[in-house]
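Engineer: Structure for the following, please:
(chains A, B, C and D)
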Protein chains: 4
Amino acid sequence: MIKIGIVGGTGYTGVELLRLLARHPQARVEVITSRSEEGVRVADMYPNLRGHYRDLAFSVPDVQALGACDVVFFATPHGVAHSMAAELLATGTRIIDLSADFRLQDAEEWARWYGQPHGAPQLLDQAVYGLPEVNREAIRNARLIAVPGCYPTATQLGLLPLLEQGLADPSRIIADCKSGVSGAGRGASVGSLLCEASESMKAYAVAGHRHLPEIRQGLQRAAGQAVGLTFVPHLTPMIRGIHATLYATVADHSVDLQTLFEARYADEPFVDVLPAGSHPETRSVKGANLCRIAVHRPQGGDLVVVLSVIDNLVKGASGQAVQCMNIALGLEETAGLDFPALMP
Amino acid sequence: MIKIGIVGGTGYTGVELLRLLARHPQARVEVITSRSEEGVRVADMYPNLRGHYRDLAFSVPDVQALGACDVVFFATPHGVAHSMAAELLATGTRIIDLSADFRLQDAEEWARWYGQPHGAPQLLDQAVYGLPEVNREAIRNARLIAVPGCYPTATQLGLLPLLEQGLADPSRIIADCKSGVSGAGRGASVGSLLCEASESMKAYAVAGHRHLPEIRQGLQRAAGQAVGLTFVPHLTPMIRGIHATLYATVADHSVDLQTLFEARYADEPFVDVLPAGSHPETRSVKGANLCRIAVHRPQGGDLVVVLSVIDNLVKGASGQAVQCMNIALGLEETAGLDFPALMP
Amino acid sequence: MIKIGIVGGTGYTGVELLRLLARHPQARVEVITSRSEEGVRVADMYPNLRGHYRDLAFSVPDVQALGACDVVFFATPHGVAHSMAAELLATGTRIIDLSADFRLQDAEEWARWYGQPHGAPQLLDQAVYGLPEVNREAIRNARLIAVPGCYPTATQLGLLPLLEQGLADPSRIIADCKSGVSGAGRGASVGSLLCEASESMKAYAVAGHRHLPEIRQGLQRAAGQAVGLTFVPHLTPMIRGIHATLYATVADHSVDLQTLFEARYADEPFVDVLPAGSHPETRSVKGANLCRIAVHRPQGGDLVVVLSVIDNLVKGASGQAVQCMNIALGLEETAGLDFPALMP
Amino acid sequence: MIKIGIVGGTGYTGVELLRLLARHPQARVEVITSRSEEGVRVADMYPNLRGHYRDLAFSVPDVQALGACDVVFFATPHGVAHSMAAELLATGTRIIDLSADFRLQDAEEWARWYGQPHGAPQLLDQAVYGLPEVNREAIRNARLIAVPGCYPTATQLGLLPLLEQGLADPSRIIADCKSGVSGAGRGASVGSLLCEASESMKAYAVAGHRHLPEIRQGLQRAAGQAVGLTFVPHLTPMIRGIHATLYATVADHSVDLQTLFEARYADEPFVDVLPAGSHPETRSVKGANLCRIAVHRPQGGDLVVVLSVIDNLVKGASGQAVQCMNIALGLEETAGLDFPALMP
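Structural biologist: Numbering: from 1, shown residues only, chains lettered A, B, ... in the order given. All right, here's what the predicted structure looks like:
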């Protein structure tokens, strides 16, 4: 069995890792850390896990205990992985970081968006962006994997086929994205209260959201040139799910977009291109490690609309992290992840 | 007291008319029709109205009874107002139609989108589009008023300041709109079940929605030229509310957009331009006859993002209909409509 | 115009007072206090109030300014009214306290349930319990009114007809109550997050909830003897509403319960007894100052089931407070409160 | 691999069977029937199943095809299993019926509650009530298993320890139960629309619900005597979940109820007794085949309160059906069912 450590397991991506790993056939969580919950059993904090992790309890982070694991996941706010990564990598373990710490290749851009200096710029060279549909080979050999954010996953998977083929005008890409409230985390904030966030909808951070540079970096890599991106995130009254509605100008009408998308993802176990004319629902991926995509050209115009949905906690975070682990350790890529979404 | 008739009052726009008119100081509902619910008291069908309409019951539509009213509202599916309007207008009453029957000026376009011939093309000349912020003077003298759709209201109010001034490139307008489920009406359909529509989000009708030609017609009127519009509606897990996220290219950076929007709506009692940097929430207009708007230019680029929210059943339907009635009958425009939204 | 002061207006009962008073024909809010939000305009904190309270801003509590008001509402956590009431009453103003400070007649019982000494036991003699359906005359002359809690209102109104007539066995009363999340207030707590409280249901405080002694006190007053009460509150995934399901043993089958309930509340403007066989929905009172009740005797047995619903923020708090104000000041009891619920 | 047939797989219990069986290690769905959806692939109807049942399509019910299966599940409205069971059993297959057809032992009582004659009274002798915690041995040899209803499962599991030991007064049992909307099925009814059922709560069928005789039968079996039961179901604004709040009089205070409950369910893989003082949340079993229970004696009185939660579609229907299948076929009882709930 593969030994797993989790740093900072009290948030939603932490409990989701525990849920997914509970049924992973080849992995076992050995260590989970939390300073604030030291000594609390995970099943006491998360009653859905009762019966699954009988004795596992939160402990104070300890490099030796974590270093004895085959893989260490970081399910922490940004900045934590920066401070522990170098020391941990020296023990020989692998790091799969669900936070934003190693997603941007440019340390200065990171510092600008996160309002603090990058804490481990010397590790950026070896950090691999953990989007398997783009980086599978690099993930295989990686010791430090930066799992993409939720918005970036849904957006990149929806736009890659167009940008890789040079079909979309890169100067005017729009990503109008809608997220469930779990994307805001488990912190006690007024804005995430049921009485504030349910029965309502709003955009936020229109002036600039931290996922913007990450999305742009990924799109530019695919396009091979600069990309002009407008990204507008919205808060939606549901727990899980991201719905990305993507707008790109594709002047060339000779390409069969449906065929293009199906071909691009034909061998991908976790990307599902729906039949032409479809409208994916976020609930069709609830709890599952999947991105479902549909591509439209409304009224036969130049503007192509791509609809891309994921569960932000699974393909947008913990599921993708497990997928990266499977690849990195040479396991079956779908191990522990091959089950249907919960619907209704 | 002004005498009011309502044709087809069993749906959500019907009960919303009843809710609003219950506190209107100068109006009284005399007749409400429904073939299927004949004889049922409205307070038995809608328990929120118990105590307000003690004896009012649904009756079979009757031109004489309706013609005796000062105003007749149609809260019906499309096609019904077509079949009754001419006869009713001949009695001298006014018609305020909440359905789509008289919204499009072009009978052929109507027939194309609604899949049936227009039933009263001879009345189109006198039909006035009931968006007070554009057509107040025409509404004052109108005998046949076509109340705008919910998406068209939120979208037009958000884009008018840009298009009227010729600031936005009319060839590439995008309206990414999110609606609560009440927009789908009170009909028993699987797609609107709580178990299907809650905890999920999806786009629909990307290939073409019936509100598209209505929005385009309104934008073209404002722009004075053809408009290229992409309209993507989404179903959102909440009862009420529309959030329109509007994208327009404004190359001219010399205009202060905040000032432009504030000036455009300075005298409008039901349009509220939020301070710069704001993100309106749909719940801030829940139950109220208001459109709240914020305008952004993210990262100082050419693309302007306008956020526009309404309650689809109020400013997007029944409230706007009452507003039109107030104007048409020379009442105070805000009569019966001047109360805050329900929050939380 | 009656001058109104509000102490502690930043929570849900505070904003609900503002919503209701915005349309009160004879009252005007002059002062609203909050230490933490000093200087913030209420319309900036609560966007639904934009356009209604243009200049009203939160100020630091000041006895002189509050004392110049005709009525001062306390929308504060328990303990605050204790500390300010005596001084304020000395100015000659009236106090309507929405908190728990003066609800229990027994200062020692208060201290036991709230874990701190009662702060103003000398005022208990003049405190009037603000349930108009029981205490209307006393409220008329009261200078210090304790507005009932939300659970106590729904429960007492549902059981009074049985207990006042000595019909129910007082030794075994059960109140199984379900509340929307707004009952937990606007504080940032993990348990009230959308991601924690939606799509779920749970009981809480089964061992003992602070509303238990208040309910028991009210039932005992009605019964004229000791009452054995089991009270189980539940958290329900909705914003507003309380549904009380009440169980009482009524051995006497000769009484027509429907007639009894209708007669008891025949003259009450804000209690609505539904027809026999009905099941009231909480949404039928959403936003309205109403209690709707239905009474059942399932399978003709000895156990009577009463269903009683209110909006916890209106008839369960701020609406009832305004009703008390209307009575105390000799206004029309329904002033500012006579409008339908928002449905759907 | 065990061959499985499903009759009537288009409803929520049908899709839930498919979700659960998709990951069952020893079973494979061979046939699924639906007259209305003949020829439609299940993955086209239920997008969450895309990738799991590539070729499985609905077919018209056919005894030969179904008879070739090892087990046939009925996920149908009542009456259907009646009409097909005898013929199917004659083929030698097993039947696991999720409908109400064989739950009541008394054909006349069935006829009274369902308003039609019992269609297969001659099979009642061999029908086994599929509650493994009571009937495990009988299920092992059963050819016709009647899976309990959702309310009956939550209620019986919560009360069995008290009744089996003769601790509770059997003459006054109250079950106040709250259900998510999926309990009402996938039929298009106005009452189950999001706009009708969300943001609201109500009791229903207080005069008598079809699960009442089933619960009473089960409780009487446990008590060995007649039981006086009051059962009040409620509709709650969530998709999945049942919360049963159970009231029983236990005069004997010498018994340690916590120990009693823990001992009763010590060997049950799918019943979880929470620590003393707990309040189970329905979300802690969302998607999982579990019943979580807590027992309270508020204020040390005679009335015991048991809180019992299940997912109505899993332990209350399809999960319990798979559990029965596992037992009946001699498989590991937890096969395909041993995974955590989805939380948040």
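Engineer: Quick check: phi and psi on the residue in the stretch 51-200 of chain A positioned nearest to chain B?
Structural biologist: Nearest to chain B in the stretch 51-200 of chain A, going by C-beta to the nearest C-beta, is A:Ser200, at a distance of 3.6 Å. In short, each C-beta sits where N, CA and C put it, glycine included. Dihedral angles of A:Ser200 (phi, psi; degrees, to the nearest 10) stand at phi -160, psi 170.
Engineer: For it, give me its contacts.
Structural biologist: Contact analysis of A:Ser200 by C-beta atoms under 8 Å, 6 or more residues apart in numbering or on different chains lists A:Pro237, B:Met238, B:Gly241, B:Glu281, B:Thr282, B:Arg283, B:Lys286.
Engineer: Also A:Ile310?
Structural biologist: Contacts for A:Ile310 (C-beta under 8 Å, 6+ apart) come out as A:Cys150, A:Thr153, A:Ala154, A:Leu157, A:Gly241, A:Ile242, A:Thr282, A:Val285, A:Leu290, A:Cys291, A:Gly316.
Engineer: let's see 10 Å
Structural biologist: Taking C-beta atoms under 10 Å, 6 or more residues apart in numbering or on different chains, we find A:Ile310 in contact with A:150-151, A:153-155, A:157-158, A:240-244, A:270-271, A:280, A:282, A:285, A:288-293, A:316-317, A:319-320.
Engineer: How about the backbone phi and psi for it?
Structural biologist: Torsion angles at A:Ile310 (phi, psi; degrees, to the nearest 10) stand at phi -140, psi 170.
Engineer: Repeat that for the one 5 residues further on.
Structural biologist: The phi and psi values for A:Lys315, taken as degrees, to the nearest 10, are phi -60, psi -20.
Engineer: what's the spacing between it and B:Leu160?
Structural biologist: 40 Å (C-beta to C-beta, to the nearest Å).
Engineer: A:Val250: neighbouring residues, count only.
Structural biologist: For A:Val250, the count of nearby residues is 18 (other C-beta atoms under 10 Å in any protein chain shown).
Engineer: what sits against it?
Structural biologist: A:Val250 neighbours (C-beta under 10 Å, 6+ apart): A:Leu162, A:Gln165, A:Leu167, A:Ala168, A:Asp169, A:Leu257, A:Val295, A:Arg297, A:Gly301, A:Asp302, A:Leu303, A:Val304.
Engineer: So for it, what's the pLDDT?
Structural biologist: At A:Val250, the pLDDT value in this model is 98.
Engineer: again with the one 3 residues further on
Structural biologist: If you check A:His253, the pLDDT there is 97.
Engineer: Break chain A down into its domains, please.
Structural biologist: Domain ranges of chain A: A:2-125, A:151-313, per automatic domain parsing.
Engineer: are any of the contacts of A:Ile310 buried, and which?
Structural biologist: For these, a burial check counting by 16 or more other C-beta atoms under 10 Å in any protein chain shown picks out A:150-151, A:153-155, A:157-158, A:240-244, A:270-271, A:280, A:282, A:285, A:288-293, A:316-317, A:319-320.
Engineer: Please tell me how far the residue of the stretch 1-150 of chain A found nearest chain C sits from chain D.
Structural biologist: Residue nearest to chain C within the stretch 1-150 of chain A: A:Tyr12 (7.0 Å; C-beta to the nearest C-beta). Computed as C-beta to the nearest C-beta, to the nearest Å, the A:Tyr12 to chain D distance reads 6 Å.
Engineer: In contact with that residue: list those residues for me.
Structural biologist: A:Tyr12 makes contacts with A:75, A:182-187, A:239-240, A:312-313, A:317-318, C:195, D:343-344, as judged by C-beta under 10 Å, 6+ apart.
Engineer: One more: A:Gly287?
Structural biologist: By C-beta under 10 Å, 6+ apart, the residues touching A:Gly287 are A:16, A:19-20, A:240, A:311, A:313-314, A:319, A:339-343, D:48, D:286-287, D:341-342.
Engineer: hmm, back to that, for chain B, tell me which of the contacts of A:Ile310 show up nearby.
Structural biologist: A:Arg240, A:Gly241, A:Ile242, A:His243, A:Pro280, A:Thr282, A:Val285 (C-beta under 10 Å from any C-beta of the partner chain).
Engineer: With respect to chain C, which of the residues you listed is nearest?
Structural biologist: When the ones next to chain B among the contacts of A:Ile310 are compared against chain C (criterion: C-beta to the nearest C-beta), the nearest one is A:Arg240, at 8.5 Å.
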